[in-house]
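S.K.: what would the 3D arrangement of this be:
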Amino acid sequence: MGIFNRISDIVNSNINAMLDRAEDPEKLVRLIILEMEDTLAEIKAGAASQVAERIRLERELERAAAKVQDWDQKAQLAVSKGREDLAREALEQKVWAAQHELDLTSRLKEIAEQVESVQGDITRLQEKLELARQKQGQIAQQTQRAMQRQKVEKHIYQVQNHQAFARLERIEGRLDRINAETEILSHMNNNNLDQKFRDLEWQGAIDKELEALKARMAEPASSAV
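M.R.: Have a look, this model is predicted:
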């Protein structure tokens, strides 16, 4: 597993933890970007160390190859001078230098592969970071629109509720007026009925007085006969 894969697992784990806590979307994206930036800086620092090691190994390999060539030339010189003993010693040093050259070559190949892998990780992480920054702008706009919409909906809800209560109050006031008018009419109707009965009683009394008057007026005429 490469460095990028391991870092991705860590980032994803932290992201999931933040999602579980129901963080603010815009804040969550900012935290993701910060974490990716820190991760990118860490990977670049590691890559710089590996590149420095590769450069050191390349220089050492050049020196090892030069030593192999140098001991080979010395062995040839010793043979030309009839000094096989010196030639053998020179060839022994050449073998050691050649082995060291092989070791350095193997190590350099390993470091080069690591550097290439890390550089690929850096490229992919930079692409992810750029994408996250683009998403940050989009999410910021979406969050702003969502908050504005929520604010508008709350305002509409409050206005609607206020209007509803106002309408209820007007209806109650109208009902109160209707009840009051009904009570007044009922009272007036009762008074009119009472008055009618009083009028009847009054008319009865007048009729009696009229009959009595007629009777008194008829008495002298009867007496005279």
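S.K.: name the helices or strands packed onto the helix or strand encompassing residue 30?
M.R.: Residue 30 belongs to helix 25-80 when assigned by DSSP states H and E. On a contact count with 3 or more C-beta pairs under 8 Å, 6 or more residues apart in numbering; DSSP states H and E, helix 25-80 meets helix 3-20, helix 84-224. Bear in mind the C-beta positions are built from the backbone N, C-alpha and C, glycine included.
S.K.: rank these by pLDDT, which is bottom?
M.R.: Of all the helices and strands packed on helix 25-80, mean pLDDT reaches its minimum on helix 3-20 (a mean of 54).
S.K.: distance of the residue nearest the centre of the chain relative to residue 140?
M.R.: Centroid-nearest residue in the chain: residue 25, 1.7 Å away (criterion: C-alpha atoms, centre = their mean). Counting by C-beta to C-beta, to the nearest Å, the gap from residue 25 to residue 140 is 9 Å.
S.K.: next: residue 110.
M.R.: For residue 110, the distance to residue 140 (C-beta to C-beta) stands at 45 Å.
S.K.: how about residue 120?
M.R.: From residue 120 to residue 140 the distance is 31 Å (C-beta to C-beta).
S.K.: now do residue 67
M.R.: Taking C-beta to C-beta, one finds residue 67 at 62 Å from residue 140.
S.K.: those two: which has the busier surroundings?
M.R.: Between residue 67 and residue 140, counted using other C-beta atoms under 10 Å, the more crowded position is residue 67 (17 against 14).
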